[in-house]
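Novice: generate a structure from the sequence data that follows.
(one chain, ligands or ions: 2)
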Amino acid sequence: MSEPRKLYIKSFGCQMNVYDAQRMTDQLAHEGYVETQTAEDADLVILNTCHIREKAAEKVYSELGRLRKSQDELGRRQMVAVAGCVAQAEGAEIIKRARSVDLVVGPQSYHKLPELIAQAELRGSNRRAGIVETEFPVEDKFDHLAAPSRAAIAKRGPTAFVTVQEGCDKFCTFCVVPYTRGAEVSRPVAKIVEEVRRLADGGVREVTLIGQNVNAYHGEDAAGRPVNLPGLIRAIVEVPGIARVRYTTSHPRDMDEELIAAHRDLPQLMPYLHLPVQSGSNRILAAMNRKHDRELFFETVERVRAARPDIAFSSDFIVGFPGETDEDFADTMDLVEKVRFAGAFSFKYSPRPGTPAATMAGQLPEEVKSQRIYALQALLDRQKAEFDAACRGRRFDILLEKHGKLPGQLIGRSPWLQSVVVLAPPEAIGTLATVEVREVSTKSMSGQILGGEFFDGRGEPAARFMGSIGQSEKVEA
Ligand code: 5AD
Ligand code: SF4
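Specialist: Residues are numbered from 1 along each chain as shown. Ligands and ions are numbered 1, 2, ... in the order given. Below you'll find the model as predicted:
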């Protein structure tokens, strides 16, 4: 038998890319590829790229430069593929700019990877010209991509992403997504549930449903009837073994009553909601074509909080959008003060080719963007620290995900995605336990498991672990 070929995938950008990288790995496993941890060691290198901001997009070129250098040093030439959103946006340009690239493949064509690799191999021996595949094919890639093996699922741990929706029809003026990922497409409920069932059988206890605009999900059930996101979530919480569900990323306009009611009615739906607002200024929100004002955001937050009092919010912000004045920025700071976030991502506006905002008047100098982001991040960091500090002494369930730094430690995740360090036996990974938080630091918190009981995600105690934990004295984070 021939040696298995080795695959190295490096992903940049959002969770969508993390998921896609796994699906590419699963697909190529069927072709005899095994994963390896370094590019140098690999026969095939895939860079799974992000185009959302200039900095993210440029990373692929520095990575390609590094790769070229190491190829020269080792005197070995691997096949190099560029996948993801830069591949979609720049296509053949990538091959012009980086001659080491054999293959450029957009996010909708991953199911064609084996045949594209075979074509690139053939061409490689004749003439060096890259292959570019950036069509939006009519067939659904998910129907053709191989499912992960049980071993692959187990290796990835008890949490998993599942893409349920791709693309975006909202056309915010700053954003490349409608161009790189195309129009909104939702996967059918039965396909998603089947995938979740398989993950649960492999030990997954928490799924995060992902999509660029996930709360606009509009799939179909087996009878062809429309199903929205709350309907999908209700189907998923029925899957045995699934103890927790999250979804990301959302648009404030699509937080409808039924979805809010799901937060009230479904204990499995975690009380942590990522709801990007981008700006607190109505003038800027209009220029961004966000299709809502700050008042709608406040109202939505209030309604969700009324339905699920322990919910916490995170958000995305852009500072320095064209034409943003000091007053507009003050409105953003004011919105943050009023809402109080438990986490957030904030970015300096980055003009993206082909988007309306890139050619708007009033582009701001870098120093202004830097000053504003500094002030905003300081405020958001303070709010996160306050939220975390308020958890001291609280009791809640954590999902034990992995080993901690020190022997005997495991790390679990709180409902609000905080890491909690506890003392617990390694077999408890993949179970849930109730903890009381003892210490909170900037990076993590530590706690003690109460009652010595672990749960298996079906509401049943995982009996084989009962009583087997050591009593923790002081847990070091
Ligand atoms: N510049 C800066 N940030 C951006 N985002 C999207 N496009 C841009 C851009 N051109 C941010 C938004 C979005 C997150 C994923 O990235 O905040 O919610
Ligand atoms: Fe980046 Fe957007 Fe593509 Fe995700 S979908 S990788 S954030 S450009």
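Novice: what about stretch 364-378, distance to the chain center?
Specialist: 25 Å (C-alpha atoms, centre = their mean, to the nearest Å).
Novice: the lengthiest strand in the chain - contacts with which helices or strands?
Specialist: If you go by DSSP state E, the chain has its longest strand at strand 445-455. On a contact count with 3 or more C-beta pairs under 8 Å, 6 or more residues apart in numbering; DSSP states H and E, strand 445-455 meets strand 395-403, strand 419-423, strand 432-440. (C-beta placed from N, C-alpha, C; glycine too.)
Novice: quick one: buried residues of it?
Specialist: For strand 445-455, burial by neighbour count (16 or more other C-beta atoms under 10 Å) applies to 445, 446, 447, 448, 449, 453, 454, 455.
Novice: could you dump these to TSV with distance to residue 426 and pLDDT?
Specialist: Below are these laid out as TSV (distance: C-beta to C-beta, whole Å; pLDDT from 0 to 100):
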residue	distance to residue 426	pLDDT
445	21	97
446	18	97
447	18	97
448	18	95
449	14	95
453	17	69
454	12	79
455	17	76
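Novice: those residues of the stretch 201-350 of the chain touching ligand 1, which are they?
Specialist: Residues of the stretch 201-350 of the chain lying close to ligand 1 (C-beta under 6 Å from any ligand atom) are 276, 278, 316, 318, 347, 349, 350.
Novice: cutoff 8 Å now
Specialist: 249, 276, 278, 316, 317, 318, 345, 346, 347, 348, 349, 350 (C-beta under 8 Å from any ligand atom).
Novice: separate out the buried members of the residues you listed.
Specialist: The neighbour count (16+ other C-beta under 10 Å) marks 249, 276, 278, 317, 318, 346, 347, 348, 349, 350 as buried among those.
Novice: measure residue 234 to ligand 1 for me?
Specialist: 27 Å (C-beta to the nearest ligand atom, to the nearest Å).
Novice: pretty sure that residue contacts residue 258?
Specialist: No: using C-beta atoms under 8 Å, residue 234 makes no contact with residue 258, being 9.9 Å away.
Novice: of these two, which one has the most company?
Specialist: Higher neighbour count among residue 234 and residue 258: residue 234, with 17 against 12, using other C-beta atoms under 10 Å.
Novice: where's the more buried one relative to residue 403, distance?
Specialist: Note on residue 234: its distance to residue 403, by C-beta to C-beta, to the nearest Å, is 34 Å.
Novice: what's the answer for residue 443, then?
Specialist: Residue 443 sits at a distance of 16 Å from residue 403 (criterion: C-beta to C-beta).
Novice: look at those two and report which has more neighbours.
Specialist: Between residue 443 and residue 403, residue 403 has the larger neighbour count (other C-beta under 10 Å), namely 13 against 10.
Novice: separation between residue 421 and residue 173?
Specialist: Distance of residue 421 to residue 173, computed by C-beta to C-beta: 43 Å.
Novice: let me see the contact set for the closest residue to residue 430 other than its chain neighbours.
Specialist: Among residues not flanking residue 430 along the chain, residue 158 sits closest, at 4.2 Å (C-beta to C-beta, 6 or more residues apart in numbering). Contacts for residue 158 (C-beta atoms under 8 Å, 6 or more residues apart in numbering) come out as 203, 204, 205, 206, 399, 400, 401, 429, 430.
Novice: same question, residue 402
Specialist: Counting by C-beta under 8 Å, 6+ apart, residue 402 has contacts 157, 410, 411, 429.
Novice: for stretch 376-384, what is the average pLDDT?
Specialist: Stretch 376-384 carries an average pLDDT of 98.
Novice: buried stuff in it?
Specialist: Residues of stretch 376-384 classed as buried by neighbour count (16+ other C-beta under 10 Å): 376, 379, 380, 383, 384.
Novice: and of those residues, the nearest to ligand 1?
Specialist: Checking the buried residues of stretch 376-384 against ligand 1 by C-beta to the nearest ligand atom gives residue 376 as the nearest, at 11.9 Å.
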